[in-house]
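S.K.: pasting the sequence and the predicted coordinates here, then a few questions.
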Amino acid sequence: MSKGQVVIAIDAMGGENSPYKVLKGVEIFLQKEKNTKFIFFGDELLINQNIKKNNLNIFNFEIVNTEDIISDEDNVNTILRSKKNSSIYKGLEFAKKNEKSGFVSSGSTAAIMILSRLHMGMIEGIDRPAICSLVPNKKNYSLMLDLGANVLVSGSNLFQFALMGYCYYSIINKNKKPKIGILNIGTENNKGLEFLQDAADLIQSSFLKEYFIGFIEPNKITSGDCDIIVSDGYTGNIMLKSAEGISNFITSNLREIFNKSLINKISYKLIEKDLRKLKDQVNPDIYNGATLIGLNGISVKSHGNANPIAFSYALKQCHNFITNDLNKQIIKSIKNI
């Protein structure tokens, strides 16, 4: 591989409908970003068969054959001791050792987090990585973390998530003073579990105090009044999947309504431009690809049920982190605080 070339290591076996959806996602991605090298980790025979069978136009890639498969049921000991020749293990190992590289997988969230920490290590001063992603709102987008990496957290963990979120958001929005909120069941100071109260106290005692707007309820996430939404992974993941389900429900029902009659079809044509804009704004596919922030490396989690288009956006997220040195900027920002 040429010096300075972006290289993305891919778990070709993780998630539903793989390796096809992974390979098709790469083909879609390559239509816009041709100067990228891919290293596929997985069943070499199956990968080659899928490329040939589906006549996929994929180039500039290598395949590293792996035999072990990590399932969602595998526990920590099994992942660490018995699955060292898996696509996730080998892919992350490669990404850590090679400059200008990152890793993308639709596989087990637990395995990705465990092995990302093992191979890449944590940023100094950060205890746990958090899955973070952009979510749409009325004004533009918010940054939300954690979206599933940490089910059980402490107030200190949430404070660190807020710190990482602040550093990341400030890098991609240099001229904006971000507003930070903690996801809770109410906005009153006495609402919520103890770890939420502890996190709020820690933020109030730090330099983040001037950016902190307090607790934010789920129904205000799309208001655009909060730029960085901090949550434990359990709550964040439920919120994310609920929002995606509602989005798909509304989109499919609108499609049925406008196809019911000629008058409805004419009505659709009159407002087609606005409807397409709304669809793009709430389309979960374009927000697929959540980065595990807090690592000394780039690891991106795609939804397990992502379609090829959605997977291409996870690749785009990884590519963006690599080409703009976002992770290095985040690490530098945290160290300077």
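M.R.: Perfect, I can see it now. Please read all numbers here as calculations on a predicted model, not as lab measurements.

S.K.: which residues sit in contact with the closest residue in space to residue 122 that isn't next to it in sequence?
M.R.: Distances taken as CB to CB, 6 or more residues apart in numbering place residue 294 nearest to residue 122, at 6.0 Å, with adjacent residues excluded. C-betas here are computed from N, CA, C, even on glycine. Contacts here follow CB atoms under 8 Å, 6 or more residues apart in numbering; on that basis residue 294 touches 122, 123, 126, 128, 129, 130, 160, 164.

S.K.: ok, 10 Å please
M.R.: With contacts defined as CB atoms under 10 Å, 6 or more residues apart in numbering, residue 294 is in contact with 116-117, 120, 122-123, 125-132, 145-146, 149, 160-161, 163-164, 327, 330-331, 334.

S.K.: got it, and residue 146?
M.R.: Contact criterion CB under 10 Å, 6+ apart gives 128-132, 153, 157-158, 161, 164-165, 230-237, 290, 292-294 as the residues in contact with residue 146.

S.K.: how about the contacts made by the closest residue to residue 148 other than its chain neighbours?
M.R.: Excluding its sequence neighbours, the residue lying closest to residue 148 (CB to CB, 6+ apart) is residue 237, at 3.8 Å. Listed by CB under 10 Å, 6+ apart, the contact set of residue 237 reads 109, 131, 146, 147, 148, 149, 150, 151, 231.

S.K.: and the residues you listed, which are buried?
M.R.: Buried subset of the contacts of residue 237 (neighbour count, 16 or more other CB atoms under 10 Å): 109, 131, 146, 147, 148, 149, 150, 231.

S.K.: export the residues you listed to JSON lines and append columns for secondary structure.
M.R.: Converted to JSON lines, the buried ones among the contacts of residue 237 look like this (DSSP: H, G, I helix; E, B strand; the rest coil):
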{"residue": "109", "secondary structure": "helix"}
{"residue": "131", "secondary structure": "strand"}
{"residue": "146", "secondary structure": "coil"}
{"residue": "147", "secondary structure": "coil"}
{"residue": "148", "secondary structure": "coil"}
{"residue": "149", "secondary structure": "coil"}
{"residue": "150", "secondary structure": "coil"}
{"residue": "231", "secondary structure": "coil"}
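
S.K.: which residue ranges of this structure form strands?
M.R.: Assigned by DSSP state E, the strands in the chain fall at 6-11, 36-42, 61-65, 101-105, 130-136, 141-145, 180-183, 212-216, 228-230, 290-293, 299-301.

S.K.: can you say which of the ones you listed is nearest to residue 267?
M.R.: Smallest distance to residue 267 across the strands of the chain (CB to CB): 25.0 Å, for strand 130-136.

S.K.: let me know how buried the closest residue to residue 251 other than its chain neighbours is, in neighbour terms.
M.R.: Of all residues beyond its chain neighbours, the one nearest residue 251 is residue 279 (6.2 Å), with distances taken as CB to CB, 6+ apart. By the measure other CB atoms under 10 Å, the count of residues near residue 279 is 14.

S.K.: surely residue 279 is in contact with residue 247?
M.R.: Yes. Proximity of residue 279 to residue 247 meets the contact threshold set by CB atoms under 10 Å, at 9.1 Å.

S.K.: relative orientation of the lowest-mean-pLDDT helix or strand in the chain and strand 130-136 in degrees?
M.R.: Least confident helix or strand of the chain, by mean pLDDT, DSSP states H and E, is helix 272-282 with a mean of 80. When axes from the mean of the first three to the mean of the last three CA atoms, to 10 degrees is applied, the directions of helix 272-282 and strand 130-136 differ by 170 degrees.

S.K.: for helix 272-282, which positions count as buried?
M.R.: Taking 16+ other CB under 10 Å as the basis for neighbour counts, the residues of helix 272-282 that come out buried are 275, 282.

S.K.: quick check, central residue of the chain?
M.R.: For the chain, the residue sitting closest to the mean C-alpha position, by CA atoms, centre = their mean, is residue 290 at 0.6 Å.

S.K.: please give me every residue in contact with that residue.
M.R.: By CB under 10 Å, 6+ apart, the residues touching residue 290 are 109, 130-134, 144-149, 236, 240, 299-303, 314, 317.

S.K.: for residue 137, same thing?
M.R.: Residues in contact with residue 137, defined by CB under 10 Å, 6+ apart, are 220, 221, 222, 223, 224, 225, 226, 227, 229, 281.

S.K.: what do you get for residue 209?
M.R.: With CB under 10 Å, 6+ apart as the criterion, the residues that contact residue 209 are 180, 203.

S.K.: how far away is the closest residue to residue 206 other than its chain neighbours from residue 212?
M.R.: Leaving aside its sequence neighbours, residue 206 sits nearest to residue 159 (CB to CB, 6+ apart; 7.3 Å). Distance of residue 159 to residue 212, computed by CB to CB, to the nearest Å: 11 Å.
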